[in-house]
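Enquirer: Quick one, what's the 3D model for this:
(2 chains)
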Amino acid sequence: DAGVIQSPRHEVTEMGQEVTLRCKPISGHDYLFWYRQTMMRGLELLIYFNNNVPIDDSGMPEDRFSAKMPNASFSTLKIQPSEPRDSAVYFCASSLAGAKGDTQYFGPGTRLTVL
Amino acid sequence: AQSVAQPEDQVNVAEGNPLTVKCTYSVSGNPYLFWYVQYPNRGLQFLLKYITGDNLVKGSYGFEAEFNKSQTSFHLKKPSALVSDSALYFCAVRDRGSQGNLIFGKGTKLSVKP
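Expert: This is a model prediction of the structure:
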């Protein structure tokens, strides 16, 4: 299995530009999570989906952030317009619901730098 | 409400010595408990989890963790630390009665010196 795939791995953009991060979860997993990691705030959950439906988006910082999951194998996290304080590493994770504890498997992350 | 506490921001250990990374949790029901490790510039990697049964859980790379219900703890341990164990370690919890999300601790940086 290829694991969770994220693209791009690195993104450098200028303030005000739109940024789109992409994630392909592990095949068959029905939960997908977006996290953000910074030195100051640690690991933060932004939003998660179950069967392509957003369940909890309370961690999305503001309206500039949006996430979609059009099908079971693809999700995007969009920032429009981007700001320097959005600079962070963004992780996608997926898991399979069930009685075995829902282990989340993380992708390698996208390192976003907003200048 | 669910929560996880990792009381130590950093743990320093000499190579070959035993290591412990502490974790305590709070859930309303019975927990699922997890440990993840993050190496520099990498994503989080699953190490081990407690679901039910034996309180001592063995995981990857020689790590183990002991579930202690009375102390609501799930400390990560290894009998003999390696320099390559140096990384950031995260504890996570989910109430068995809930679905979906895990609650992660803030992480503990483990530094193993030769």
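
Enquirer: Could you name the specific helix or strand carrying the spatially most central residue of chain A?
Expert: The residue lying closest to the centre of chain A (Cα atoms, centre = their mean) is residue A:34, at 3.0 Å. Per DSSP states H and E, residue A:34 falls inside strand A:31-38.

Enquirer: Tell me which strands that strand pairs with, and in which orientation.
Expert: strand A:42-50 (antiparallel), strand A:88-95 (antiparallel) (DSSP bridges).

Enquirer: how about it: buried residues?
Expert: For strand A:31-38, the neighbour count (16 or more other Cβ atoms under 10 Å in any protein chain shown) marks A:31-37 as buried. From N, CA and C alone the C-beta is placed, and that goes for glycine too.

Enquirer: residues in chain B within reach of chain A, list them.
Expert: Within chain B, the residues that sit near chain A (Cβ under 8 Å from any Cβ of the partner chain) are B:32, B:34, B:36, B:42-46, B:49, B:51, B:90, B:92, B:94, B:99-102, B:104, B:106-107.

Enquirer: Give me the buried subset of the residues you listed.
Expert: Buried by 16+ other Cβ under 10 Å: B:32, B:34, B:36, B:43-44, B:46, B:49, B:51, B:90, B:92, B:94, B:100-102, B:104, B:107, out of the residues of chain B next to chain A.

Enquirer: Parallel or antiparallel, which strands does the least confident helix or strand in chain B by mean pLDDT pair with?
Expert: For chain B, counting by mean pLDDT, DSSP states H and E, strand B:103-104 ranks last in confidence among helices and strands (a mean of 89). Strand partners for strand B:103-104, identified by DSSP bridges, are recorded as strand B:87-95 (antiparallel).

Enquirer: How about the residues of chain A by chain B?
Expert: A:4, A:31, A:33, A:42-43, A:45, A:48, A:50, A:55-56, A:91, A:93, A:97, A:99-109.

Enquirer: Would you mind measuring from residue A:113 to chain B?
Expert: As judged by Cβ to the nearest Cβ, to the nearest Å, residue A:113 and chain B stand 14 Å apart.

Enquirer: Hmm, that residue is touching residue A:85, no?
Expert: No - in this structure residue A:113 lies outside contact range of residue A:85 using Cβ atoms under 8 Å: 11.6 Å.

Enquirer: More neighbours: those two, which one.
Expert: Comparing residue A:113 with residue A:85 by other Cβ atoms under 10 Å in any protein chain shown, the one with more neighbours is residue A:113, at 14 against 11.

Enquirer: where do the strands sit along chain B?
Expert: Along chain B, counting by DSSP state E, strands occupy B:3-5, B:10-14, B:19-21, B:24-26, B:31-38, B:44-50, B:56-58, B:64-68, B:73-78, B:87-95, B:103-104, B:108-113.

Enquirer: no no, chain A
Expert: Under DSSP E, chain A gives strands at A:5-7, A:10-13, A:19-24, A:31-38, A:42-50, A:53-56, A:65-71, A:74-79, A:88-95, A:105-106, A:110-114.

Enquirer: My understanding was that residue A:18 contacts residue A:77; is that so?
Expert: No - Residue A:18 is beyond contact range of residue A:77, at 11.6 Å (criterion: Cβ under 8 Å).

Enquirer: Who has more neighbours out of these two?
Expert: It is residue A:77, of residue A:18 and residue A:77, that has more neighbours when counted by other Cβ under 10 Å, with 23 against 11.

Enquirer: now the more buried one, which residues is it bridged with?
Expert: Beta-bridge pairing of residue A:77, defined through DSSP bridges, involves residue A:21, residue A:67.

Enquirer: And it, what's its pLDDT?
Expert: Model confidence at residue A:77, given as pLDDT, is 98.
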